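**Q** pasting the sequence and the predicted coordinates here, then a few questions.
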Amino acid sequence: MPLFKHGRFVEDPWLFLADGEPLPSEGMIVLSLARPTGVEAPTLADRDGWLGVRLEPADPLEEVVPWLPRLALVALAFPSFTDGRPFSTARLLRERHRFTGEIRAVGRILVDQYPFLLRCGFDAFTVPPGPALRGWRERARLGPVYQPDSLGEVRSIWHRRHPELVSAS
Amino acid sequence: MYRYDGWDAAFVRERIARFRDQVARRLRGELSEEEFRPWRLMNGVYLQLHAYMLRVAIPYGTLSAPQLRRLADIAERYDRGYGHFTTRQNIQFNWPRLVDIPDILEALAEVEMHAIQTSGNCIRNITSDPWAGVAADEIEDPRPWCELLRQWSSDHQEFTFLPRKFKVAVSGGLRDRAAVRIHDIGLRLRRDRQGRIGFEVLLGGGLGRTPLLAQTVRDWIPGEELLSYLTAILRVYNRFGRRDNKYKARIKILVHDLGIERFRQLVDEEYAVARDPDLARFAAAEIARIRPFFAPPPYADRAADAAASRHLAAIDGTFARWLRTNTAPHRRRDYAIVQISLKPPGGVPGNMTAAQMRALADLAERYSCGEIRVTAEQNLVLPHVARGDLPALWEALETGGLATPNLGHLSDIVACPGLDFCALATARSIPVAQAIGRRFADLDRQYEIGPLKLKMSGCINACGHHHVAHIGILGLEKRGRESYQITLGGSGGEEAAIGRVLGPGFGAEEIVDAVERVITTYLAGRRNREETFLDYLRRVGLQPFKDALYASV
Ligand code: SF4
């Protein structure tokens, strides 16, 4: 699946493993939440190589929190582009749990959702191959927004109107 | 009134540019209807029975004269010469072509209006008290807070793909005129003992299939903390609200299932960590910036000729009854709040022609500091009229067909578009409302009946707010025929209540007679004229009405 990151399409170094697949001894792998929280937990804790977890919208976030220091990627699944739960999950990961690794949107997303996803803390997006790719190249950009994000990365309209508050925070 | 700065204007322009692109992709077939849907809804565009419909926001119900004129232009150029005011401080145009909608949005943007988030599963257009800034019982004008919420909720990064629509109303008076208890979140302005401004927060109201009244989730939250607190509520809802069944997806169901205590606990836990001092600072700074826009207009002192309307009322009975029913006390004694009924006998509730819009815009400039308000009862308000000008204003309104003296009476009917326009409808509502309006057109009879709210919806979605009407009518479909169910005893605003179903429905040809029998039952049974319909109903219950409507059958 093509991967869009930092404004362009890049090679995806990560391997997404299905639940039954054996763990390779090395390499960057992404697992469902069931694996690090199941019987493989000790193996995974000892394993070298980068680890990522894929969360479905209904997965309890608390269960992944203890693993966050070990994770370089959290993939948040969108079963449908109208399912808004991952927007909250991403913000919680970034703003509450101070997760600094990659947060990737996987599943059904639309390029028109890019400004929303970006401001919630997503920084990587899988895009279905085909005509959508051109759309991402042309349309994945951020316009003016009102809401400051608590990481202060976006210069919101409120930031620009009240520059005195920006230095105060 | 609020005026856009360069940033507000840039935001709206960017939204239109994006939507123009989305429409073009839809027309080229690059977006499926499913992929296009969230964006058209977030821009107020519905796919109706016969055509697209555009729902334009009138944020917190405040309109200027040039804005109303622009609505008239749009009605003429893109619709069939009229617009339809809804129960949520919006106006709908029923016949625009999809290709034209970006141009319409641009025409709106020129007068600082938009259709942003008037539909879709996001935070909808924020509604408020139509008497904001002029009501005698006001704690503070709620509109600066509404404008803050408008900005905060526009393209919100986290809360734009909610389980379902989300409606917020803000009330600033001691009495609630914004129907806060039928909203997902209702906010009531309150001062604490130190005189600081804050809000009582009510949660989980809504009509539709499962009508519920909002409950207080927090007695008081300081004003600058409001955005963090709302973030906590919406986050709990966004994460845990049901998404498997559209009819169980509103926050009211989550509140109901968890119980208000448990919900409060979840929100408090979230709020404790989500509390964001930066957001509080921005909110305080924005409120301070926005407040001066809503300063009272420069009123001329008109105490000298304030008695003019009393004098005319003494000799002209027609003027006197309009004065009695359609004006309300203003904060200043030499001014009045004037209510414009959009319910002429036999008319379509909430409809207004382009000519009427222009006429009213002119009158607002001459007599009401250029301001017009839009109410949840599908009427309009001129909020700042000098009492001395009332006779002249009344005459002009009469000429324009805008002086129907029926405010708060039986023929002041609220009705949704129903089967004549709406794709979801199960029955017609406009023709039924018109028939009832004609049957009860006699004003003396309406005054004899006294204050009465009749509201009707063309399906279970309850856009006509029939649940909170004294007499509610719900149009359903039973075995291929329209069937109208009556509910009695609902009430909006202060002392909100959900009406109770009287019994089996009535056919389209029977419903007007059924309403007639409800009325005659009340008139025959009430103790005296002071006992209103609602008082009587609370005293005797549904039984006398059931007897009158069903016993003979
Ligand atoms: S109540 Fe039903 S018929 Fe009436 S406008 Fe709403 S959805 Fe349409």
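**A** The structure has been received and is ready for your questions.
**Q** poorly predicted segments of the chain, please.
**A** Went with chain A since none was named. Regions of chain A meeting the criterion pLDDT under 70 cover residues A:150, A:167-169.
**Q** please go with chain B instead
**A** For chain B, the stretches flagged by pLDDT under 70 are B:552-553.
**Q** what number of residues lie near the residue in it positioned nearest to chain A?
**A** Closest residue of chain B to chain A, C-beta to the nearest C-beta: B:Phe161 (2.9 Å). (C-beta placed from N, C-alpha, C; glycine too.) B:Phe161 is surrounded by 25 other residues when neighbours are defined as other C-beta atoms under 10 Å in any protein chain shown.
**Q** could you find the closest non-adjacent residue to it?
**A** Counting by C-beta to C-beta, 6 or more residues apart in numbering or on different chains, the nearest residue to B:Phe161 once its immediate chain neighbours are dropped is A:Gly84, at 2.9 Å.
**Q** residues touching the one you found, list them.
**A** By C-beta atoms under 8 Å, 6 or more residues apart in numbering or on different chains, the residues touching A:Gly84 are B:Asn121, B:Glu158, B:Phe159, B:Thr160, B:Phe161, B:Leu162, B:Pro163, B:Asn238.
**Q** hang on, the earlier thing: confirm the residue of chain B closest to chain A sits in a strand?
**A** No: note on B:Phe161: no strand contains this position according to DSSP: H, G, I helix; E, B strand; the rest coil, which reports coil.
**Q** wait, it touches A:Phe78, no?
**A** No: between B:Phe161 and A:Phe78 there is no contact, the gap being 9.4 Å when judged by C-beta atoms under 8 Å.
**Q** in chain A, which residue sits nearest chain B?
**A** Here the residue of chain A nearest chain B is A:Gly84; by C-beta to the nearest C-beta that distance is 2.9 Å.
**Q** could you pull out the helices for chain A?
**A** With DSSP state H as the definition, chain A shows helices at residue ranges A:41-46, A:61-64, A:85-91, A:114-120, A:132-139, A:157-161, A:163-168.
**Q** for the helix or strand harbouring B:Tyr447, C-alpha coordinates in CSV please.
**A** In this structure, B:Tyr447 sits in helix B:443-449 according to DSSP states H and E. Only the C-alpha atoms of helix B:443-449 are listed here, as CSV (Å, rounded to 0.1, in the frame of the first residue of the first chain):
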residue,chain,number,x,y,z
LEU,B,443,-58.2,35.8,15.3
ASP,B,444,-60.9,36.5,18.0
ARG,B,445,-61.3,32.7,18.3
GLN,B,446,-57.5,32.3,18.7
TYR,B,447,-57.4,34.9,21.4
GLU,B,448,-60.3,33.3,23.1
ILE,B,449,-58.3,30.0,23.1
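**Q** list the contacts of that helix.
**A** Contacts of helix B:443-449 with the rest of the structure, by C-beta under 8 Å, 6+ apart, involve B:321, B:325, B:405-406, B:409-411, B:440, B:452, B:519, B:522-523, B:529, B:533.
**Q** now find how far off-centre it is within its chain.
**A** In this view, helix B:443-449 has its centroid 26 Å away from the chain centroid, taken as C-alpha atoms, centre = their mean, to the nearest Å.
**Q** chain center to the very next helix or strand once past that helix, what's the gap?
**A** Toward the C-terminal end, the helix or strand that comes next after helix B:443-449 (DSSP H and E) is strand B:454-457. Taking the mean C-alpha point of strand B:454-457 and that of its whole chain, the gap between them comes to 13 Å (C-alpha atoms, centre = their mean).
**Q** so B:Trp220 touches B:Gln194, yeah?
**A** No: under the criterion of C-beta under 8 Å, B:Trp220 lies out of contact with B:Gln194, with a separation of 11.3 Å.
**Q** residue contacts, the residue of the stretch 151-300 of chain B found nearest the ligand?
**A** Each residue of the stretch 151-300 of chain B has a distance to the ligand, by C-beta to the nearest ligand atom, and the smallest belongs to B:Gly208, at 8.5 Å. Shown in contact with B:Gly208 (C-beta under 8 Å, 6+ apart): B:Tyr247, B:Arg250, B:Ile460, B:Asn461, B:Ala462.
**Q** what does A:Pro2 give?
**A** The contact partners of A:Pro2, by C-beta under 8 Å, 6+ apart, come to A:Phe9, A:Thr126, A:Val127, A:Pro128, A:Pro129, A:Leu133.
**Q** quickly find the element holding the residue of the stretch 151-300 of chain B closest to the ligand.
**A** Using DSSP H and E, B:Gly208 maps to neither a helix nor a strand.
**Q** one more: B:Gln378?
**A** When secondary structure is defined by DSSP H and E, B:Gln378 falls outside every helix and strand.
**Q** hmm, stretch B:235-243 in reach of chain A?
**A** Yes: with C-beta under 8 Å from any C-beta of the partner chain as the threshold, stretch B:235-243 lies in contact with chain A, specifically through B:Arg235, B:Asn238, B:Arg239, B:Arg243.
**Q** of these, which is the most crowded?
**A** Using other C-beta under 10 Å as the neighbour test, the residues of stretch B:235-243 next to chain A are led by B:Asn238, with 24 neighbours.
**Q** ok, the residue nearest to it when sequence neighbours are not counted to the ligand distance?
**A** If the residues on either side of it in the chain are set aside, B:Asn238 comes closest to A:Ser88, at 4.9 Å by C-beta to C-beta, 6+ apart. Here the distance between A:Ser88 and the ligand works out to 29 Å (C-beta to the nearest ligand atom, to the nearest Å).
**Q** which residues sit in contact with A:Ser88?
**A** If a contact means C-beta under 8 Å, 6+ apart, then A:Ser88 has A:Cys120, B:Glu158, B:Arg235, B:Asn238, B:Arg239 as its contacts.
**Q** any idea which helix or strand carries the nearest residue to B:Ile91 once chain neighbours are set aside?
**A** Nearest-residue entry for B:Ile91: B:Gly83, 4.6 Å, with adjacent residues in sequence omitted and distances by C-beta to C-beta, 6+ apart. Here B:Gly83 sits within strand B:82-85, counting by DSSP H and E.
**Q** now for that strand, which elements pack on it?
**A** Judged by 3 or more C-beta pairs under 8 Å, 6 or more residues apart in numbering or on different chains; DSSP states H and E, strand B:82-85 is in contact with helix B:65-78, strand B:90-93, strand B:351-353, helix B:354-367.
**Q** can you name the residues that contact the closest residue to B:Leu537 other than its chain neighbours?
**A** Residue nearest to B:Leu537 in three dimensions, not counting chain neighbours: B:Gly489, with 5.0 Å by C-beta to C-beta, 6+ apart. B:Gly489 makes contacts with B:His470, B:Ala497, B:Gly499, B:Arg500, B:Leu534, B:Leu537, B:Arg538, B:Leu542, as judged by C-beta under 8 Å, 6+ apart.
**Q** backbone torsions only: list them for the fourth one.
**A** The reference is to B:Arg500. For B:Arg500, the backbone dihedrals are phi -110, psi 140 (criterion: degrees, to the nearest 10).
**Q** so B:Ala314 is in which element?
**A** helix B:308-315.
**Q** thinking again about what came up before, filter the contacts of helix B:443-449 down to the ones near the ligand?
**A** The subset of these within reach of the ligand, counting by C-beta under 6 Å from any ligand atom, is empty.
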